[in-house]
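>>> what would the 3D arrangement of this be:
(one chain, ligands or ions: 2)
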Amino acid sequence: MSLTQISPPNENRVVTSPNRPWWERYQPVSYKLETRSGNEQQFRDMVERCNKVHVRIFPDLVINHMTGSGGSGTGTGGSHWDGNSLSYPGVPYSNLDFNDGSNCHTGDLNIHNYNNAEEVRNCRLVSLVDLNLGKDYVRGKIADYMNHLIDIGVAGFRIDAAKHMWPGDLTALLGREVIDMGGEPIKMSEYFQSGRVTNFIYGIKLAQVFRKQNQAKFLKTWGESWGMPNSNDVIVFIDNHDNQRGHGGGGGVLTHFEPKQYKMATEFMLAHPYGWTRVMSSYNWDRNFQDGEDRNNWIGPPNNGDMSIKDVSINSDMSCGGGWACEHRWRQIYNMVAFRNVVHGTPLTHWWDNGNYQIAFARGNKGFIVINAEGNDLNSNLQTGLPQGTYCDVISGNYENGQCTGASIHVGGDGQAHFQISGGSEDPVIAIHIGNFK
Ligand SMILES: O=C(NCCCOc1c(-c2ccc(O)c(O)c2)oc2cc(O)cc(O)c2c1=O)[C@@H]1CCCN1C(=O)/C=C/c1ccc(O)c(O)c1
Ligand SMILES: [Ca+2]
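Ligands and ions are numbered 1, 2, ... in the order given. This is a model prediction of the structure:
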């Protein structure tokens, strides 16, 4: 079972300056399931098709705010909104449902001081009108929206801008009847990752290693000892929809625009036992860096000129076309998701490194990965911990009708195997596991 996070499925503001930026999805107009991605029936159809193949959907939930405070208009579902009079008839919300001068004490009601917890929670993030989640009516509307999504079959939620809401409000909100999965024996709480937090330093630290700013040998202790939260409580990722554009919490993370390092960092993440892993899936846009900032970091998804979102086209090698990056469809990445599933529950063993940027480790007796992040060639006999046999390298190829389409590795009776990885290779990694050995 894999978890797939999707863009907010609720009606959002139509932003035309700049022209349909990706972040217009993060300015709710109502909780109607009508966006550029489709209407409610299309959303239901997508969730049902995914559930049938055990891909569970996690919608991005934007419940801290509605649109920006200035202006008015109609949303992607045709609902009117007015950010001045705080009127959102599509829910409905009125001025009674938003934080105001009674609990936000900055003059203009906007957040200015990120070190003031009350301000960060009760005032407006970049002038987005801030919902009063302490109010029962507001909690009721949000609970109805979440229950509607649960009845459709989603498995959980990503809570957007969580730090801008009081933990107590979130717990109270989630403690309401949203718990029930709509008749399924499994309770929401088992799925709902309310306790799981996104670990932003993870991506930044791995970027430093695979950009060769911090030796890979230090990854021997990767995990809690790097000051990161308990493995079971954390969502880990190389990049996300925000920091892949170089702003928000991250900046400096690896993205699909640097495929070699990006694949290596993702392969390491998926092979390593730490955290609940999340793989990004993106689209391309023409970046335009002017003094370190991408002037085009607002550009939204590939579209058909009339601003309807372009369908994803699939190439013969299963990768995407038409401007979609679809990292999750890259062979090296989808094969490492399978690796992670095969080795689930095994500890990290047989760590090896050359004191620099060449590392290797096993996962119990089920999998083994060798990463050459150094310019020099790697040419070593290593202890894999695996049973004797011939294994397909899942980075350079697949295991198809009993054959390795890429390299194959022979492991001797003593668990030793010889690895040769040229530093100049596009994919200087070898990964093998017992899920597909001959
Ligand atoms: O320059 C911008 N924003 C200011 C810097 C980023 O601040 C934002 C943060 C943010 C970033 C880092 C933080 O540490 C933090 O406490 C908050 O979270 C958001 C969440 C939303 O649902 C909608 C938003 O417009 C934002 C946002 O503007 C551009 C123009 C407006 C949208 N936007 C953006 O850059 C939009 C960013 C965005 C949108 C959705 C997200 O889930 C997100 O994480 C960032
Ligand atoms: Ca808030």
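>>> show the pLDDT at the nearest residue to residue 307 once chain neighbours are set aside.
Distance criterion Cβ to Cβ, 6 or more residues apart in numbering; nearest residue to residue 307, sequence neighbours excluded, is residue 20 at 5.2 Å. Where C-beta positions appear, they are placed from N, C-alpha and C, glycine not excepted. On the pLDDT scale, residue 20 is placed at 96.
>>> do residue 181 as well
With respect to pLDDT, residue 181 has a value of 28.
>>> what does residue 306 give?
Value listed for residue 306 in the pLDDT field: 77.
>>> give me the number of residues near it?
Number of residues near residue 306 (other Cβ atoms under 10 Å) recorded here: 5.
>>> that one sits in which helix or strand?
Here residue 306 sits in a region with no helix or strand, counting by DSSP states H and E.
>>> and the strands in the stretch 201-350 of the chain?
234-236, 276-277, 289-290, 293-294, 313-314, 320-321, 348-353 (DSSP state E, counting those that start in this stretch).
>>> any part of the first one near ligand 1?
No. On the criterion Cβ under 6 Å from any ligand atom, strand 234-236 is out of touch with ligand 1, staying 13.4 Å away.
>>> run the chain-centre distance for that strand.
9 Å (Cα atoms, centre = their mean, to the nearest Å).
>>> okay, now the sheet partners of that strand, with direction.
Using DSSP bridges, the strands paired with strand 234-236 are strand 197-198 (parallel), strand 276-277 (parallel).
>>> now the longest one
When sheet partners are counted by DSSP bridges, strand 348-353 sits next to strand 358-363 (antiparallel).
>>> the partner strand - what's its average pLDDT?
On average, strand 358-363 scores 98.
>>> do stretch 198-207 as well
Here stretch 198-207 scores 91 as its mean pLDDT.
>>> by contact count, what packs against the helix ranked longest in the chain?
Secondary structure of the chain per DSSP state H: the longest helix is helix 136-152. On a contact count with 3 or more Cβ pairs under 8 Å, 6 or more residues apart in numbering; DSSP states H and E, helix 136-152 meets helix 40-52, helix 167-175.
>>> got those as CSV, with distance to ligand 2 and mean pLDDT columns?
Shown next, in CSV, are the helices and strands packed on helix 136-152 (distance: least, Cβ to the ion, whole Å; pLDDT from 0 to 100):
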stretch, distance to ligand 2, mean pLDDT
helix 40-52, 26, 98
helix 167-175, 9, 86
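>>> figure out which of those is closest to residue 285.
helix 40-52 (23.7 Å; Cβ to Cβ).
>>> residue of the protein closest to ligand 1, please.
As assessed by Cβ to the nearest ligand atom, ligand 1 sits closest to residue 26 within the chain, at 3.3 Å.
>>> phi first, then psi, for that residue.
Per-residue torsions, residue 26: phi -100, psi 20 (degrees, to the nearest 10).
>>> cool, and the one 3 residues further on?
With angles defined as degrees, to the nearest 10, residue 29 sits at phi -110, psi -30.
>>> dump the residue contacts of it.
Contact analysis of residue 29 by Cβ atoms under 8 Å, 6 or more residues apart in numbering lists 11-13, 66-67, 74-77, 79, 81, 88, 90.
>>> local confidence estimate at it?
Reading off the model, residue 29 has pLDDT 98.
>>> any idea how far it is from ligand 2?
18 Å (Cβ to the ion, to the nearest Å).
>>> what's the average pLDDT for the helix or strand harbouring residue 409?
Here residue 409 sits within strand 408-411, counting by DSSP H and E. Strand 408-411 shows a mean pLDDT of 97.
>>> list the buried residues for that strand?
408, 409, 411 (16 or more other Cβ atoms under 10 Å).
>>> and residue 234, what does it touch?
196, 197, 198, 199, 202, 228, 275, 276.
>>> quick check: bridge partners of it?
Beta-bridge partners, per DSSP bridges, of residue 234: residue 197.
>>> most tightly surrounded among the strands of the stretch 201-350 of the chain?
strand 234-236 (a mean of 20; mean count of other Cβ atoms under 10 Å).
>>> who in the stretch 201-350 of the chain is up against ligand 2?
Not one residue of the stretch 201-350 of the chain sits near ligand 2, judged by Cβ under 5 Å from the ion.
>>> rewinding a little: skip the chain neighbours and tell me the closest residue to the residue of the chain closest to ligand 1.
Closest residue to residue 26 apart from its sequence neighbours, by Cβ to Cβ, 6+ apart: residue 62 at 5.5 Å.
>>> would you agree the one you found is in contact with residue 10?
Yes. The pair residue 62 / residue 10 is scored as a contact, 7.2 Å apart, by Cβ atoms under 8 Å.
>>> which one's more surrounded, the two?
Ranked by neighbour count (other Cβ under 10 Å), residue 62 and residue 10 place residue 10 first, with 28 against 21.
>>> how about the more buried one, secondary structure?
coil (DSSP: H, G, I helix; E, B strand; the rest coil).
>>> count of residues packed around the spatially closest residue to it that is not a sequence neighbour?
Spatially, and ignoring its direct neighbours in sequence, residue 10 is nearest to residue 31 (4.8 Å; Cβ to Cβ, 6+ apart). Number of residues near residue 31 (other Cβ under 10 Å) recorded here: 24.
>>> still on that earlier bit, can you redo the strands of the stretch 201-350 of the chain as CSV with mean pLDDT?
Listed next are those as CSV, based on pLDDT from 0 to 100:
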stretch, mean pLDDT
strand 234-236, 92
strand 276-277, 94
strand 289-290, 92
strand 293-294, 92
strand 313-314, 96
strand 320-321, 96
strand 348-353, 98
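>>> just the element for residue 395, please.
Counting by DSSP H and E, residue 395 is part of no helix or strand.
>>> torsion angles phi and psi at it?
Dihedral angles for residue 395 - degrees, to the nearest 10 - are phi -90, psi -40.
>>> adjust the sequence numbering to begin at 47 for everything that follows.
Done: numbering now begins at 47, and the last item shifts to residue 441.
>>> burial count for it?
27.
>>> could you report the separation of it from residue 54?
34 Å (Cβ to Cβ, to the nearest Å).
>>> kindly report the same for residue 389.
For residue 389 relative to residue 54 (Cβ to Cβ), the value is 34 Å.
>>> which of those two has more neighbours?
A direct count of neighbours by other Cβ under 10 Å for residue 389 and residue 54 places residue 389 higher, at 24 against 21.
>>> thanks a lot, catch you later.
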